[in-house]
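> take this sequence and fold it.
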Amino acid sequence: MKTAKANIPDRRSTLDQQRHSKMAESAHAYVRGNTKRFYEWLASDAVKASLPSGPDVWICGDCHTGNLGPVADLHGNIDIEIRDVDQTVIGNPAHDLLRLGLSLAMAARSSDLPGVTTALMIEEMIEGYIARLTGHSANITPNEIEPIRRVMRLAGTRQWKHLAEERIEDVTPTIPLGRRYWALEEPERTALENLFQEEKLHRLVEGIRGRTEEQVALLDAAYWMKGCSSLGKLRFAALIGVGKKKHRQFHLLDIKEATAAAAPRALHALVYEDHAERVVTGARALSPFLGDRMIAAQLLGKPVIVRELRPQDMKFELNRLTREDAIRTARLMAGVVGRAHGRQMKPAQRTAWVKELRSRHTRGLDAPRWLWSSILDLAALHEAAYLEHCRLYALGGAAA
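Model (predicted):
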C-alpha cells in the first residue's frame, strides 16, 4: 500500500472545493448534497405541527432519488432498494416522503418539465407508496421507465471485471493513485492493517463468500474522494484477496466514517452512541440486500461502516426526464420506500398510517395538503439557497 507524508490541510482544502463544485452543478445536486438545510427547515415548530406523525420505524433520513437504485444480495439477486442509509434513524416516515418529494420536484425542474408534471408526480408518489406499504403492487415496473430500465439491464450483466475497471481502472490487485484515490498517511495504513486482523472483518467476508476458514489478505488501500455529503470524512477503498494466491478472488470494500445523523429520531427511540451500529441496524431493516453486506467497526478512534461493493450496485441518473418517465419514476421510487417502511409496521399501524396519508387532500390535487405545501416551501428555499451557493462558490473560485 502506498503511503504519503501527512498532508491533511491540502486534502481538506481539495475535498471542500470538490464538494462545493458538485453542489453547484444543479439545483437537484444541491438538494442531494445538503441534508442539513432540509432538517433545519423541518425543525420549525410550525412545520412540525403541520406534518402527520406516522409509526416510529427506521427511515432513510436522506431519501433523495440518488440514494435509491439497484442493489445485489449475497446470492446475486438484484432489486431496487435504498442504497445509502448514513442518515438513518428511528423516526417519522413522513420525513422520507418529504425528502423524496423534494428531490423528485427538483429532478423535474432540472429536466425543464412544467409545474403540472410535478403535481402529477406527487400524486403518483403517494399512490405508489401506499400500494407497496400495504403489500400490493405499485402497478409499475422498471422496464416501463427508460432511464431506470437501462440501468437495471446493465446491472444484471455486470461482473467483477466491470467493477474493477470502473472503480480501480484494472483487474490487477492494486488501486492506482490519481484524482479519486490518494496515498494513505502512515497512521491510516497501520489502522487499516489492524482492522483487517479483526474477527468481525473475517465474519463479514465469510458471510459474503458463504464459506469459512478462507485466507483474507488486504492487498491495497487508498483514501477515496467520493460522494458529496461524505467529503471531508474518513473514506477508504480497500482491495482484498480471499483464498490461496493461485485461486484468489478479489473484493472491493468501502470503509466510510459514520457521523451523527441530521435526521431527528423519535422521542422514545433507542439512542445509538455508536453511529456505525445505528447505520448497520437501520440498513438491515430498510434494505436487507445492502445490510447483509455491512458491519460496524472502529478506525482511528472513529466509527466506520465497512461495506462490500458489488458490480450490480448502481445509481440512477435522472437527467432529461420525459413527462411520462418522471411520473412513473415518482410512483416506482415511492413504492420502494413504502415497502421499506411497511415491512417494519404491524397491520394496524399500516392501516392507520394509510388513513392519515389519504386525509387532508388539496382541492384539485389528489395528494395530501401537508405534502404538497411542504414541497412548495422546500423547493423555494432550496432554489434560493442553491443560487446563493453558486454565487459564493463562483466568487471563491475567482478569488482562488
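
> those strands in this protein, which residues are they?
Taking DSSP state E as the test, the strands found in the chain are 3-4, 57-59, 68-72, 78-82, 89-91, 181-182, 184-185, 216-224, 235-242, 249-257, 294-299, 302-309, 361-362, 365-368.

> lowest-confidence stretch among these?
If those are sorted by mean pLDDT, strand 361-362 sits at the bottom with a mean of 62.

> with only the CA atoms kept, save stretch 305-322 in PDB.
Taking Å, rounded to 0.1, in the frame of the first residue of the first chain, the C-alpha atoms of stretch 305-322 are listed here in PDB:
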ATOM      1  CA  ILE A 305     -19.100   1.200   8.200                       C
ATOM      2  CA  VAL A 306     -17.400  -1.500   6.200                       C
ATOM      3  CA  ARG A 307     -19.400  -2.400   3.100                       C
ATOM      4  CA  GLU A 308     -18.700  -4.800   0.300                       C
ATOM      5  CA  LEU A 309     -19.200  -3.100  -3.100                       C
ATOM      6  CA  ARG A 310     -20.800  -5.200  -5.800                       C
ATOM      7  CA  PRO A 311     -20.800  -4.600  -9.500                       C
ATOM      8  CA  GLN A 312     -24.600  -4.600  -9.600                       C
ATOM      9  CA  ASP A 313     -24.900  -1.700  -7.100                       C
ATOM     10  CA  MET A 314     -25.500   1.300  -9.300                       C
ATOM     11  CA  LYS A 315     -27.100   4.800  -9.300                       C
ATOM     12  CA  PHE A 316     -29.900   6.200 -11.400                       C
ATOM     13  CA  GLU A 317     -29.100   9.400 -13.100                       C
ATOM     14  CA  LEU A 318     -32.400  11.200 -13.600                       C
ATOM     15  CA  ASN A 319     -31.400  13.800 -16.200                       C
ATOM     16  CA  ARG A 320     -33.600  15.000 -19.100                       C
ATOM     17  CA  LEU A 321     -36.700  13.000 -17.900                       C
ATOM     18  CA  THR A 322     -39.700  13.000 -20.200                       C
END
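
> which residues of the stretch 201-350 of the chain score low on pLDDT?
Within the stretch 201-350 of the chain, the stretches with pLDDT under 70 are 213, 227-232.

> show me the helices in it, by range?
Assigned by DSSP state H, counting those that start in this stretch, the stretch 201-350 of the chain shows helices spanning 275-286, 288-291, 323-342, 347-357.

> for M125, which of the ones you listed is the nearest?
Closest to M125 of those is helix 323-342 (CB to CB; 4.1 Å). C-betas here are computed from N, CA, C, even on glycine.

> which helices and strands sit right next to the closest one?
strand 68-72, strand 78-82, helix 93-110, helix 115-133, helix 146-155 (3 or more CB pairs under 8 Å, 6 or more residues apart in numbering; DSSP states H and E).

> take those and lay them out in CSV including distance to K226.
Below are the helices and strands packed on helix 323-342 laid out as CSV (distance: least, CB to CB, whole Å):
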stretch, distance to K226
strand 68-72, 15
strand 78-82, 18
helix 93-110, 20
helix 115-133, 29
helix 146-155, 19
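
> mind checking those for the one nearest to H382?
helix 93-110 (6.9 Å).

> hmm, what's the outermost residue in the protein?
Within the chain, K246 marks the point farthest from the mean C-alpha position, 36.4 Å out by CA atoms, centre = their mean.

> picking up where we left off before, among the helices of the stretch 201-350 of the chain, which is the most enclosed?
Greatest average neighbour count among the helices of the stretch 201-350 of the chain goes to helix 323-342 (a mean of 25), per mean count of other CB atoms under 10 Å.

> pull the CA atoms of that one into PDB?
C-alpha atoms of helix 323-342 as PDB (Å, rounded to 0.1, in the frame of the first residue of the first chain):
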ATOM      1  CA  ARG A 323     -43.100  13.700 -18.600                       C
ATOM      2  CA  GLU A 324     -44.200  10.100 -18.600                       C
ATOM      3  CA  ASP A 325     -40.900   8.800 -17.200                       C
ATOM      4  CA  ALA A 326     -40.900  11.500 -14.400                       C
ATOM      5  CA  ILE A 327     -44.400  10.500 -13.300                       C
ATOM      6  CA  ARG A 328     -43.600   6.700 -13.400                       C
ATOM      7  CA  THR A 329     -40.400   7.300 -11.600                       C
ATOM      8  CA  ALA A 330     -42.200   9.000  -8.800                       C
ATOM      9  CA  ARG A 331     -44.500   6.100  -8.400                       C
ATOM     10  CA  LEU A 332     -41.800   3.500  -8.600                       C
ATOM     11  CA  MET A 333     -39.400   5.200  -6.100                       C
ATOM     12  CA  ALA A 334     -42.100   5.900  -3.600                       C
ATOM     13  CA  GLY A 335     -43.100   2.300  -3.800                       C
ATOM     14  CA  VAL A 336     -39.500   1.300  -2.900                       C
ATOM     15  CA  VAL A 337     -39.700   3.500   0.200                       C
ATOM     16  CA  GLY A 338     -43.200   2.300   1.100                       C
ATOM     17  CA  ARG A 339     -42.100  -1.300   1.100                       C
ATOM     18  CA  ALA A 340     -39.100  -0.500   3.300                       C
ATOM     19  CA  HIS A 341     -41.300   1.300   5.800                       C
ATOM     20  CA  GLY A 342     -44.200  -1.200   5.600                       C
END
